[in-house]
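[1] give me a 3D structure for the following:
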Amino acid sequence: DHAPSEALRAAQEALSASRLLADPWREAVATHTLAETQVVNGLRSEGESSFRAALELSRDLDDLRGQAAALLALCGLRAAAGDTKRALADAKEARGLWERLGD
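    Now for the predicted structure:
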């Protein structure tokens, strides 16, 4: 079954395309998608790195929803790894962003 490698390749291609288009918002979304794909395919450390990159891109764009989504994803990864202190900090920051949005 080649599904995992195909999914990773598709996510990487989407990220490359967003960079070619010089579209920062699409790059943030594609980076988040790549992170999710990496985690699902057992590439936890790569996924965490990609989620951090998506968070930074979302911060640069002042995209509060993108930031909250990346923080929640990082929270889950960190909680699963036993890093409850950082997971809680991520969750609190995400909650603050959702409250600012009124969501």
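[2] mind listing the helices for the chain?
    Remark: helices assigned in the chain by DSSP state H are 3-20, 24-40, 44-61, 64-80, 84-101.
[3] export those to TSV and tack on mean neighbour count and mean pLDDT?
    Every residue, glycine included, has its C-beta placed from N, CA and C. Listed next are the helices of the chain as TSV, based on neighbours: other CB atoms under 10 Å; pLDDT from 0 to 100:
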stretch	mean neighbour count	mean pLDDT
helix 3-20	14	90
helix 24-40	20	96
helix 44-61	18	97
helix 64-80	20	97
helix 84-101	15	96
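[4] which residues touch A30?
    Counting by CB atoms under 8 Å, 6 or more residues apart in numbering, A30 touches A11, A14, L15, A17, S18.
[5] quick one: which of these is nearest D60?
    Nearest to D60 among the contacts of A30: S18, at 13.9 Å, using CB to CB.
[6] doesn't T33 make contact with that closest one?
    No. Contact criterion CB atoms under 8 Å: S18 and T33 do not qualify, at 9.9 Å.
[7] now the contacts of A30 in JSON lines, please, with extra columns for distance to L55.
    Shown next, in JSON lines, are the contacts of A30 (distance: CB to CB, whole Å):
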{"residue": "A11", "distance to L55": "17"}
{"residue": "A14", "distance to L55": "18"}
{"residue": "L15", "distance to L55": "15"}
{"residue": "A17", "distance to L55": "21"}
{"residue": "S18", "distance to L55": "16"}
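[8] and these, which is closest to A73?
    A11 (14.2 Å).
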